[in-house]
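Asker: Show me how the following folds:
(chains A and B)
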There are 2 protein chains.
Amino acid sequence: MTSAVGTDGVPEIARRARTAARDLAGATRADKDAALHAMAAALCDATTDILRANADDVDHAEQSGLSAAMVDRLRLDPHRVAAMADGLGAVAGLPDPVGQVVGGSRLPNGLELRQVRVPFGVVAIIYEARPNVTVDAAGICLKSGNTVLLRGSSSARHSNAAIVDALRKAAVDSGLPADVVQLVGGAGHEPAKALMRARGLVDVLIPRGGGELIRSVVDEASVPVIETGVGNCHIYVDADADLDQALQIVLTAKAGRPSVCNAAESLLVHEATAGSFLPMVVPALQAAGVTVHGDEAFARYDGVLPATAEDYAAEYLSLDISAAVVPDLDAALEHIATYSSGHSDAILTRSQAAARRFTAAVDSAAVLVNASTRFTDGAEFGLGAEIGISTQKLHARGPMGLVEMTSTKYVVTGDGHLR
Amino acid sequence: MTSAVGTDGVPEIARRARTAARDLAGATRADKDAALHAMAAALCDATTDILRANADDVDHAEQSGLSAAMVDRLRLDPHRVAAMADGLGAVAGLPDPVGQVVGGSRLPNGLELRQVRVPFGVVAIIYEARPNVTVDAAGICLKSGNTVLLRGSSSARHSNAAIVDALRKAAVDSGLPADVVQLVGGAGHEPAKALMRARGLVDVLIPRGGGELIRSVVDEASVPVIETGVGNCHIYVDADADLDQALQIVLTAKAGRPSVCNAAESLLVHEATAGSFLPMVVPALQAAGVTVHGDEAFARYDGVLPATAEDYAAEYLSLDISAAVVPDLDAALEHIATYSSGHSDAILTRSQAAARRFTAAVDSAAVLVNASTRFTDGAEFGLGAEIGISTQKLHARGPMGLVEMTSTKYVVTGDGHLR
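Answerer: Modelled structure (predicted):
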């Protein structure tokens, strides 16, 4: 078995992934679940090695001046390693999407047609995030029958190598190829660029990270891409909203966990309710530590900064929110059409007509009525595991679980049918 | 109403398409079907104009030395115009995919979740083919709620302009925006390249044409692409095949209509049956005008040319077939994994075990048992209308009808749900 990070180039690594994918596509659910449980056990057994490698990464990150928040995201402890292992066990408990028959019929000429879920083959993931993504991605890809090429952050490279070493050993012990999961090593941007251009070797590339990473992938990639996770999410408080309820939703959606993609970034308020709602929401947001970037109506309040077009377009991921008063629902729809990233947008209203118009007109992965944008999430939606939240319209839109990590093929059976 | 071909650049055209898409997304099935019927009538009414424009294109094509076959594909007559109109009527008769609820549940916290089909928005199609594609694409996009940007072959530009003029007038008469369908004019490659880079304006780009067009789109595009229609389709005659049946399937799949993407391009024969089958199939193919490019076993027959790796990789689209004898099913699977374009591959066998292994192992859009590869087709599969045959794994695989021209969105309804 080769080590988790070798010196091979992306084409060699991807070819090994493709070979392993042919074996993995034929694996039964029992094979895959056994491997997932073995991987969970292997992670626990390797806790000491993983924490030692992680300490190297953390030392290096602190020396190189990474922010305390970033260092905290990087840092593992025994509890976090155990949680990663538990995640693999949870994936083992989910239904196998491969082999599901999603449609079919007997054609007029007697041909039998079945449309069956199959793995993509080789999935590549480029991510900036914490080492737990390494384990989550490996588990979801394995269960959906895909081999995976992982290009993680260089700041987590020792942690990721120790984790992937454990996963690969467990795969082999379970009778699967080691190459069901591989790290893509190498310094600089070249390895990631080579993944983006590996046509015929990589079936799908999923970038997980900030807007800049995703734009660069979309511009450079010749392999199919699923864009994820950029969220400029809006909450529109309609003329007819329950204002106490609206206040709680806005506060939790903004300030509960501001660093995630489904957090609210922009607040729109119908002018009929602005006189009542602004005196409630502005001080409450400020008391929660939120800086409000508002239009003229908001800027009349102390501490509110004037909002620019950049503010309305921003995915802050911080304790900031852009805010505007709109004359009516149409203006809210226009604002959202202009600025939304198409992730999640919510209306708060008691009007059935307004809710119906909003859900029909807003072109986003999730459109919510009287609920926080933070509900757009694989776990909340009951997917069991999530590889990311697609903000594109092709293939998958919204939270992606195991089913979204598959393609289909037609199986057509005849008895000598000529054409 | 602006004319079908203006001098505007792609960004302006695409912005008009996006504006029209917001109107069209809200159109009911009744609205759309009425427009389709109006378009069909308008095409018939404009037959004289369309045929006059087509005569210009045909003259120009003949003067510029286009092949007789290409000129024939370009040429329209009253019967062909009527057939295009009939096609629009058929699309009107199909169910509307927009608004279909494809999944949903009540979550443990009481949130109601619905996953609903919605249009992509703006679809761009780059095509080299006959003027009837202009009408087919316009009809399918309209019914699926998408506005369409059509970049046709310059050799059909007068025909396409006359057709799209008629379609746009009918759209307006039916109360829809003219810009539900627009031609992208301009000379050279720049307009097509601008479509490929129109991020945020074009939701999906579908190239329809030869391998070279598709490769160039995949390399250049930053908008999401669905690859279509390159077919190096295999027929594998197993040890246990019914040879009389196999002979008929191979002959019709190769020689019935060799210019289409689902025609057979490569024949593999199990060595146990080669001694019986080759003396049947080689003369029969040759009698049908087919040139056989074979391995050593085939090359023992008069008139068989030696096959190279290029032959095995070729999508001939002509009366040529590559051929090889393989020692067993595994070797056939390996050959197909190496050379298939992932469109359609067939096994001919009486063995249930061989059929099961083949359908599981071959990673193509359609895998057929005892049937011609030519059955991979929207009409044969009962889709009613087809925009192309996807040979990629993302989003759609195999023949694409109305459903494949949609995305989904989640609609989430609560009553003050906090997170």
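
Asker: my guess is A:A241 contacts A:A346, does it?
Answerer: No - contact criterion Cβ atoms under 8 Å: A:A241 and A:A346 do not qualify, at 10.7 Å. All C-beta atoms are positioned from the backbone trio N, CA, C, and that covers glycine.

Asker: Tell me which of these two has more neighbours.
Answerer: A:A346 (31 against 26; other Cβ atoms under 10 Å in any protein chain shown).

Asker: Contact residues of the stretch 201-350 of chain A facing chain B?
Answerer: Within the stretch 201-350 of chain A, the positions adjacent to chain B are A:203-204, A:218-219, A:222, A:224-226, A:242, A:245, A:248-249, A:252-253, A:256, A:337 by Cβ under 8 Å from any Cβ of the partner chain.

Asker: among those residues, which are in helices?
Answerer: Of the positions in those, A:V218, A:D219, A:Q245, A:Q248, A:I249, A:T252, A:A253, A:A337 sit in helices, assigned by DSSP state H.

Asker: ok, and the closest non-adjacent residue to the second one?
Answerer: To tie it back to what came earlier, the one meant is A:D219. If you skip the residues right next to it in sequence, A:D219 has B:S222 as its closest partner in space, 5.4 Å away by Cβ to Cβ, 6 or more residues apart in numbering or on different chains.

Asker: Kindly provide the distance from the one you found to A:E220.
Answerer: Taken as Cβ to Cβ, to the nearest Å, the spacing of B:S222 relative to A:E220 amounts to 9 Å.

Asker: Write the PyMOL selection for whichever of the ones in helices among the residues of the stretch 201-350 of chain A next to chain B are buried.
Answerer: Those of these that meet the burial criterion (16 or more other Cβ atoms under 10 Å in any protein chain shown) are gathered into one PyMOL selection, given here:
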select buried, chain A and resi 218+245+248+249+252+253+337
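
Asker: Report the contact partners of the closest residue to A:M400 other than its chain neighbours.
Answerer: Among residues not flanking A:M400 along the chain, A:I387 sits closest, at 5.0 Å (Cβ to Cβ, 6+ apart). For A:I387, the contact set (Cβ atoms under 8 Å, 6 or more residues apart in numbering or on different chains) comprises A:I125, A:D136, A:A137, A:I140, A:C141, A:I206, A:G378, A:M400, A:G401, A:E404, A:M405.

Asker: Save those residues as a markdown table, and put in distance to B:R151, secondary structure and neighbour count too.
Answerer: Written out in a markdown table, the entries for those read as follows (distance: Cβ to Cβ, whole Å; DSSP: H, G, I helix; E, B strand; the rest coil; neighbours: other Cβ atoms under 10 Å in any protein chain shown):
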| residue | distance to B:R151 | secondary structure | neighbour count |
| --- | --- | --- | --- |
| A:I125 | 34 | strand | 27 |
| A:D136 | 41 | helix | 22 |
| A:A137 | 38 | helix | 26 |
| A:I140 | 38 | helix | 29 |
| A:C141 | 37 | helix | 29 |
| A:I206 | 30 | strand | 26 |
| A:G378 | 38 | coil | 20 |
| A:M400 | 31 | strand | 22 |
| A:G401 | 36 | coil | 22 |
| A:E404 | 31 | helix | 21 |
| A:M405 | 33 | helix | 27 |
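
Asker: Go through those and name the one nearest A:G87.
Answerer: Looking at the contacts of A:I387 and their distance to A:G87, the nearest is A:D136, at 5.9 Å (Cβ to Cβ).

Asker: The closest one against A:G87, yeah?
Answerer: Yes - taking Cβ under 8 Å as the contact criterion, A:D136 and A:G87 are neighbours in contact, 5.9 Å apart.

Asker: buried stuff in stretch A:270-278?
Answerer: Neighbour counts over stretch A:270-278 (16+ other Cβ under 10 Å) mark A:H270, A:T273, A:A274, A:F277, A:L278 as buried.

Asker: In strands only, show me the residues you listed.
Answerer: Secondary structure assignment by DSSP state E places A:H270 of the buried residues of stretch A:270-278 in strands.

Asker: Distance to B:A166 and pLDDT added to the buried residues of stretch A:270-278, as CSV?
Answerer: Formatted as CSV, the buried residues of stretch A:270-278 follow (distance: Cβ to Cβ, whole Å; pLDDT from 0 to 100):
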residue, distance to B:A166, pLDDT
A:H270, 44, 98
A:T273, 49, 97
A:A274, 49, 98
A:F277, 52, 98
A:L278, 53, 98
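
Asker: mind listing the helices for the stretch 301-419 of chain A?
Answerer: Under the criterion DSSP state H, counting those that start in this stretch, the stretch 301-419 of chain A contains helices at A:309-313, A:329-339, A:352-361.

Asker: what sits against A:Q245?
Answerer: Contacts here follow Cβ under 8 Å, 6+ apart; on that basis A:Q245 touches A:L348, A:N370, B:G416.
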